[in-house]
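> need coordinates for the below:
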Amino acid sequence: MRLHDLKPNPGAKKSRKRLGRGISAGQGKTSGRGTKGQSSRSGEGPRLYHQGGNLPFFRRLPFMRGEGFTPINRVEYSEVNLENLNRFSAGSEITPEVLFEAGFVRKANKPVVVLGNGEINIALKVRVHRVSKSAKAKIEAAGGSVETL
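Here you go, the predicted structure:
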């Protein structure tokens, strides 16, 4: 096979309709648009979202700020599960900075929440922005302490 032998698959290339080129072409006179009316003109139809006199749908929605209706003051936490805290030595103090250096938290500027997934069997001093009820109960049952920042 050579470069000059290459050609597209049969049926892959289709020639466009040549509109308005006489009656024998099959698309003459009205060019397949029917007769008269809004649909037969060029630039046909009103703008997008037009609903013929009704208040458009997007204007009927309640007014809310933000991309995709997310609350503007929402706080996003970095989550850490209890099972991850078992890697620290007993009696050590757990702060957002320590968790960031250990690689459990990706962004240092986000507040940290400790969730109660997993078990903990060592006493730790946990100082973070938020702790779930179950996590707090498990940490205190293991002999540790919890302080919120």
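
> and the longest helix for this structure?
helix 133-141 (DSSP state H).

> what about that helix, average pLDDT?
The average pLDDT for helix 133-141 rounds to 91.

> contacts only, for the residue lying closest to residue 100 once chain neighbours are set aside.
Excluding its sequence neighbours, the residue lying closest to residue 100 (Cβ to Cβ, 6 or more residues apart in numbering) is residue 108, at 4.6 Å. Using the backbone N, CA and C atoms, a C-beta is placed for each residue, glycine as well. For residue 108, the contact set (Cβ atoms under 8 Å, 6 or more residues apart in numbering) comprises 96-97, 100.

> among those residues, name the ones in helices.
96-97, 100.

> give me the buried entries from these.
Applying a neighbour-count criterion of 16 or more other Cβ atoms under 10 Å, the buried members of those are 96, 100.

> tell me, how many residues neighbour residue 109?
Residue 109: 8 surrounding residues under other Cβ atoms under 10 Å.

> now it: how far from residue 22?
According to Cβ to Cβ, to the nearest Å, residue 109 and residue 22 sit 71 Å apart.

> with residue 131 instead?
Counting by Cβ to Cβ, the gap from residue 131 to residue 22 is 81 Å.

> and for residue 13?
24 Å.

> surely residue 83 is in a helix?
Yes - according to DSSP: H, G, I helix; E, B strand; the rest coil, the state of residue 83 is that of a helix.

> which residues touch it?
117-120.
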